[in-house]
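# show me the folded form of this:
(4 chains)
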2 protein chains.
Amino acid sequence: MNYSRQRAEVLDQIRGHKDHPTADTIFAELRTKDPSISLATVYRNLKLLSDLGEIRKLSFVSGADRFDPTVKAHYHFICEKCGRVYDVPMKAAEVLDTDVLDSEVEMYIPGVITSHDLVFHGICDECGAVEGSALGAEV
Amino acid sequence: MNYSRQRAEVLDQIRGHKDHPTADTIFAELRTKDPSISLATVYRNLKLLSDLGEIRKLSFVSGADRFDPTVKAHYHFICEKCGRVYDVPMKAAEVLDTDVLDSEVEMYIPGVITSHDLVFHGICDECGAVEGSALGAEV
DNA sequence: GTACTTGCAAACAGTTTGCACAGTT
DNA sequence: AACTGTGCAAACTGTTTGCAAGTAC
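Take a look at the predicted model:
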């Protein structure tokens, strides 16, 4: 695969993220280094890179798609307030045998399952969810 | 809650679906009965009805949002080819204790979990996935 | 008459595409 | 020359919004 300068920049930029930036975020960041790069190029390369499996496209977030530098299987937690997307390490979901789950569920649906997404919703600490002590805003 | 004629029509129309129509589908269907209803009204009422918990909005499908007449907890299977969304009955996922899962995962993320979505991806039978006999298209 | 809801059109966000040009081989 | 990738602007999809008119109590 041929990596043009712009393509490499896009991949680099995403890999530098611990979070899950949108195309627009990547574009804005790259613009500061490379003022002539275009949004269309960013979109084109994000699509291409996720087709190639270099990055992962997260379409389950409302609003803009997000891109995930981490390709290996893991789940996500989305804050309902700020929209931030957090990674859930696989060991957190070890109560769940993912292969068993897929084959179990497959018996109930008219088709073949190749993968699944598991997305947790809630409120993140930064947005006011306080667990442990009784410091909630309500009540 | 006050149900205007249009609001009732929208709710009825969705409840008449076994599948998961988009706003546009609902709009097109209602237009045949009520030629003056507007798309904005459909959108407004879909939003309102899902805020009220009368229907469920599915945002994890790429493309247009879909609306689900079934409100009680269940998972979904999306065909990668045709985009159809199928329901997965809860008993199919009984390998998984959903409450345990949420509280387990909560220990690993900076926040509080209120719910989760589980979406299976694959190919549905209508699109050529043939399980059981060895009739696959590949190999 | 006050509050809520509608239809329409315009606005908007996110994404994709047509096209002429630039970069490589 | 043939190919691929780029930048720009325009197009496009899905959704929301401002507003004047309509409806319900």
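
# for chain A, give me the ranges with low pLDDT.
Residues of chain A meeting the criterion pLDDT under 70: A:1, A:129-139.

# quick one: name the residues of it near DNA strand D.
Neighbours of DNA strand D within chain A, by C-beta under 7 Å from any atom of the strand: A:2, A:4-7, A:34, A:36-41, A:44-45. C-beta coordinates here come from the backbone N, C-alpha and C atoms, glycine included.

# now for these: which two are most distant?
A:Asn2 and A:Leu39 (21.5 Å; C-beta to C-beta).

# max-length strand in chain A?
strand A:111-124 (DSSP state E).

# just how off-centre is that one within its chain?
With C-alpha atoms, centre = their mean, to the nearest Å as the basis, strand A:111-124 stands 12 Å off its chain's centre.

# just give the nearest non-adjacent residue to A:Glu9, would you?
Of all residues not flanking A:Glu9 in the chain, A:Leu30 sits nearest, at 5.7 Å (C-beta to C-beta, 6 or more residues apart in numbering or on different chains).

# element containing the one you found, please.
A:Leu30 belongs to helix A:23-33 when assigned by DSSP states H and E.

# coming back round to it: who's more crowded, A:Asn2 and A:Leu39?
A:Leu39 (14 against 4; other C-beta atoms under 10 Å in any protein chain shown).

# isn't the more buried one up against A:Phe27?
Yes: here A:Leu39 reaches A:Phe27: they are 5.0 Å apart, a contact under C-beta atoms under 8 Å.

# where do the strands sit along chain A?
A:56-58, A:66-68, A:75-79, A:85-88, A:111-124.

# the longest one pairs with which strands?
Think strand A:111-124. strand A:75-79 (parallel), strand B:111-124 (antiparallel) (DSSP bridges).

# buried ones in it?
A:111-113, A:116-124 (16 or more other C-beta atoms under 10 Å in any protein chain shown).

# can you check stretch A:46-66 too?
A:46, A:49-50, A:54-58, A:60-61, A:65-66.

# show me what contacts the residue nearest to A:Met90 when sequence neighbours are not counted?
Take A:Met90 and drop its neighbours on the chain: the residue closest to it by C-beta to C-beta, 6+ apart is A:His74, 5.5 Å away. By C-beta atoms under 8 Å, 6 or more residues apart in numbering or on different chains, the contact list for A:His74 reads A:87-90.

# follow-up on the earlier one: could you restrict the residues of chain A next to DNA strand D to the ones contacting DNA strand C?
Okay, of those touching DNA strand C (C-beta under 7 Å from any atom of the strand), that's A:39-40, A:44.

# got a list of contacts for the helix holding A:Leu30?
So helix A:23-33 is contacted by A:9-10, A:13-14, A:21, A:37, A:39, A:42-43, A:46, A:64-65, A:67 (C-beta under 8 Å, 6+ apart).

# ok, so of those residues, who is nearest DNA strand D?
Distances from DNA strand D to these, taken as C-beta to the nearest atom of the strand, are shortest for A:Ile37 (4.2 Å).

# that closest one contacts A:Gln6, doesn't it?
Yes: with contacts counted by C-beta under 8 Å, A:Ile37 reaches A:Gln6, the gap being 5.7 Å.

# wait, does stretch A:22-29 contact DNA strand C?
Yes: applying C-beta under 7 Å from any atom of the strand, one finds stretch A:22-29 touching DNA strand C at A:22-24.

# possible to save those as JSON lines with neighbour count?
Formatted as JSON lines, the residues of stretch A:22-29 next to DNA strand C follow (neighbours: other C-beta atoms under 10 Å in any protein chain shown):
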{"residue": "A:Thr22", "neighbour count": "17"}
{"residue": "A:Ala23", "neighbour count": "19"}
{"residue": "A:Asp24", "neighbour count": "13"}
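
# quick check: domain ranges of chain A?
Under the TED database, the residue ranges defining each domain of chain A are A:1-71, A:73-123.

# what's the closest of those domains to B:Lys81?
Closest among the domains of chain A, once you apply C-beta to C-beta, is domain A:73-123, at 9.7 Å.

# and the residues of stretch A:22-29 next to DNA strand C, which is closest to B:Val100?
A:Thr22 (33.0 Å).
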